[in-house]
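**Q** Curious how this folds, go ahead:
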Amino acid sequence: MVTRPEALTDLLRMNEKHEIICAAAIAQFSERGYTATSMANIALAAGMSRPALYQYFANKSDIFVSAFIAIFEEQVTNALRALDQSQSMVDQLDGFLQRYEGDLWQRMAASPHTDEIIGAKNERVGAAIGGELGRLWDGMTTYLQEVAPGQDPSMTAARLGWLEILQLSPKGFRFDQPTVDGYRRRLTSLAKSVAADIEASTR
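**A** Numbering: from 1, shown residues only. This next block holds a predicted model:
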C-alpha cells in the first residue's frame, strides 16, 4: 500500500478545509452581504468553531479575498474547457460565454448584496483577477488562431475584431439588468453571430 508523506497529507487537508470555508463564506456573503457577515457566521456555516477558523484565515477580509479569487478562477477554467469540447464552433463559443459571463451573472443575480460585495474588492483581488483575465483572453486568442488561421493582415484584423466583440458585447448586454435567462439568450446569439462570421471568413 502506498502511503502519502505526512507533509503532503497535511497540505491536502489544508486545501480541503480552505475550499469548505470559502464555499461557506460565499454563501454567507451572498445571503447577508459583506458587512453583516461575521467570522462566527462563516465558522458556523463551515461546521467548525470560530477559533478553528482562525487557524486557516487571519480575518474576514482574508477569507473574502480567497473566496472571490476562487470563484473567478473557476469561471475562467470552465470557460476555457468549453473551447476544448468536441462540438460545433457555435457550441464552443456559447459554452465559453455561458461559463464565464452567464454563470457569473447568475451568481450576481442570486444575491441582493452584489453591489456591496463588488465594492468590497481590494488590491489583492484586483491583481488576481487581472491575471485570470489575461489567461481567459489568451486562451480565446489561441482558439481564434486555430479556427481561423492565417497571418495576412485581413485575417489578423478579423481575429482582433472577433476578440473585441466577445470581450465588449456582454457589457452592453447587461446594461438593462436583464434576467439570467434573457442574458444567456443574448450570449447565445452572440456566439452564433461570431461563429457564422468566422465560418464565412474561412471558406
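
**Q** if I look at the residue nearest the centre of the chain, how far off is Leu97?
**A** With the centre of the chain defined as its mean C-alpha position, the nearest residue by C-alpha atoms, centre = their mean is Gln75, 2.5 Å away. Using C-beta to C-beta, to the nearest Å, we find Gln75 at a distance of 11 Å from Leu97. For glycine as for every other residue, the C-beta is placed from the backbone atoms N, C-alpha and C.

**Q** quick one: least confident helix or strand in the chain?
**A** helix 114-119 (a mean of 76; mean pLDDT, DSSP states H and E).

**Q** Would you mind listing the outside residues contacting the helix or strand just after it?
**A** The C-terminal neighbour of helix 114-119 among helices and strands, as given by DSSP states H and E, is helix 123-147. When contacts are taken as C-beta atoms under 8 Å, 6 or more residues apart in numbering, the neighbours of helix 123-147 outside the stretch itself are 65, 68-69, 72-73, 76, 79-80, 83, 89, 92, 96, 100, 159, 162-163, 166-167, 198, 202.

**Q** tell me which element the nearest residue to Ser169 once chain neighbours are set aside is part of?
**A** When the adjacent residues along the chain are set aside, Ser169 lies closest to Leu190, with 5.3 Å between them (C-beta to C-beta, 6 or more residues apart in numbering). Of the helices and strands defined by DSSP H and E, Leu190 is found in helix 180-201.

**Q** ok, and what's touching that helix?
**A** For helix 180-201, the external contacting residues (C-beta under 8 Å, 6+ apart) are 88-91, 93-94, 96-98, 101-102, 105-106, 109, 144, 147-148, 155, 158, 162, 165-166, 169-170, 173-174, 178.

**Q** Now do the same for Lys17: its pLDDT.
**A** According to the model's per-residue confidence, Lys17 sits at a pLDDT of 88.

**Q** give me the number of residues near it?
**A** 17 (other C-beta atoms under 10 Å).

**Q** Could you do Tyr183 as well?
**A** Neighbours of Tyr183 under the rule other C-beta under 10 Å: 22.
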